[in-house]
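Novice: Pasting the sequence and the predicted model now:
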Amino acid sequence: MVERAEKTISGKETDKIREPVSGNIVPPVDIYEDGENVTLFADLPGVSKENLDVQVDRDTLKIYGKKAAENGTMDKDKARWYDEIPHKDYYRAFTIGEEIDREKISASMSNGVLKLVLSKSERTKPKRIDIKIS
Amino acid sequence: MIARWFYDLDPVFNDVNRLTDVLDRVLDAGLPLANIRSVPRGTFPPVNVQEKKDGVSIQAYIPGVEANNIEVTFHDNALTLKGRRDTAFKGTSHRRERFSGEFTRIIGLPEGLDAEKIKAQYRDGVLNITIDKMEEQKPKQITVTID
């Protein structure tokens, strides 16, 4: 975000900022941390395992979810009595630090909820040092 | 007027002006124009309802709940969705944005729907319900014969 904002201030291409925010649904997330892992849960209803895309680009964690075509029950062109879920895909990104082991990220989907387990690398875990008294 | 003239000429204020302009756009983007039929973020579960030729189609987004823990009832032309979702997890929490707890959502529907003909299906966190119209409410094609 910072990088993009800097570019636009100097480069005058201000319209580009709107795209990533308004073009997608920003899914709500829960993030928990313990000594071993950082665990992220995201609500992605309508996204099957095949339509999920989780990427790590240097220090950015990106979550894309493509909704199945409304599960076939809603006509796209017809008016709705209740219209609370926009027909858009999901996108959300986070920055992650050096302590996250990029090789050990596991993702699972269950009933439209994504669970991402980000392991902390061994060297950043707290270590107990025994003090020897001679 | 004077202020405007001052901003336009001064290189520093001109930059500040541009910066506030960019910030306004970023904040606007976070609050896109809302659809008149939408609900505030946080309403759980959000629904889509659409009339079909032979019935009504209801779609509720209820992720993270087992299908048999969702209670669906249809009475007096009102469809009730009830259930509970627990999102608690171990460790310290940094963000808790997802809905947690009990929910009830009542959706008012027009008369003429057949309470005996309801189908509900849950997949990937989406509950799809169809309720058929009563026979006399369904559109009928009448063939005109010439004597």
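Specialist: That came through fine.

Novice: In chain B, what residue lies closest to chain A?
Specialist: When scored by CB to the nearest CB, chain B has B:Gly125 as its residue closest to chain A, at 1.9 Å. (C-beta placed from N, C-alpha, C; glycine too.)

Novice: That residue: neighbour count?
Specialist: Residues lying near B:Gly125 (other CB atoms under 10 Å in any protein chain shown) number 23.

Novice: what ranges do the strands span in chain A?
Specialist: A:29-33, A:37-43, A:52-57, A:60-65, A:82-83, A:90-95, A:100-110, A:113-120 (DSSP state E).

Novice: who's in contact with the closest residue to chain B within chain A?
Specialist: When scored by CB to the nearest CB, chain A has A:Gly112 as its residue closest to chain B, at 1.9 Å. With contacts defined as CB atoms under 8 Å, 6 or more residues apart in numbering or on different chains, A:Gly112 is in contact with A:Asp43, A:Leu44, A:Pro45, A:Gly46, A:Val47, B:Tyr61, B:Pro63, B:Gly64, B:Asp124, B:Gly125, B:Val126.

Novice: Please apply the same query to A:Pro27.
Specialist: Counted by CB under 8 Å, 6+ apart, A:Pro27 has contacts A:Ala42, A:Asp43, A:Leu44, A:Ile63, A:Gly65, A:Tyr90, A:Arg92.

Novice: Which members of these additionally contact chain B?
Specialist: Applying CB under 8 Å from any CB of the partner chain, the subset of those adjacent to chain B comprises A:Asp43, A:Leu44.

Novice: Narrow the contacts of A:Pro27 to just the buried residues.
Specialist: Those of those that meet the buried threshold are A:Ala42, A:Asp43, A:Leu44, A:Ile63, A:Gly65, A:Tyr90, A:Arg92, by 16 or more other CB atoms under 10 Å in any protein chain shown.

Novice: which one of those residues is nearest B:Ile107?
Specialist: Nearest to B:Ile107 among the buried ones among the contacts of A:Pro27, counting by CB to CB, is A:Asp43 at 20.2 Å.

Novice: Bridge partners for A:Ser106, pull those for me.
Specialist: Under DSSP bridges, the beta-bridge partners of A:Ser106 are A:Val117.

Novice: And chain B, is stretch A:121-131 touching that?
Specialist: No: using CB under 8 Å from any CB, stretch A:121-131 stays clear of chain B, coming no nearer than 14.1 Å.

Novice: Low-confidence stretches in chain A?
Specialist: For chain A, applying pLDDT under 70 flags the ranges A:1-22, A:69-72.

Novice: Now do the same contact list for the residue nearest the centre of it.
Specialist: Nearest residue to the geometric centre of chain A (CA atoms, centre = their mean): A:Ile63, 3.5 Å. By CB under 8 Å, 6+ apart, the contact list for A:Ile63 reads A:Pro27, A:Ala42, A:Leu44, A:Leu52, A:Asp53, A:Val54, A:Tyr90, A:Tyr91, A:Arg92, A:Ala93, A:Leu114, A:Leu116.

Novice: and the third one, what is it in contact with?
Specialist: Applying CB under 8 Å, 6+ apart, one finds that A:Leu44 lies in contact with A:Pro27, A:Leu52, A:Ile63, A:Gly65, A:Tyr90, A:Met109, A:Gly112, A:Val113, A:Leu114, B:Pro63, B:Gly125.

Novice: In those residues, find the pair that's most separated.
Specialist: A:Ile63 and B:Gly125 (15.1 Å).

Novice: Spatially nearest residue to residue 81 (excluding sequence neighbours)?
Specialist: Using chain A. In this structure, A:Trp81 finds its nearest non-sequential neighbour in B:Val49, 4.3 Å apart by CB to CB, 6 or more residues apart in numbering or on different chains.

Novice: um, chain B though
Specialist: Distance criterion CB to CB, 6+ apart; nearest residue to B:Leu81, sequence neighbours excluded, is B:Arg105 at 4.6 Å.

Novice: Brilliant, that's me finished.
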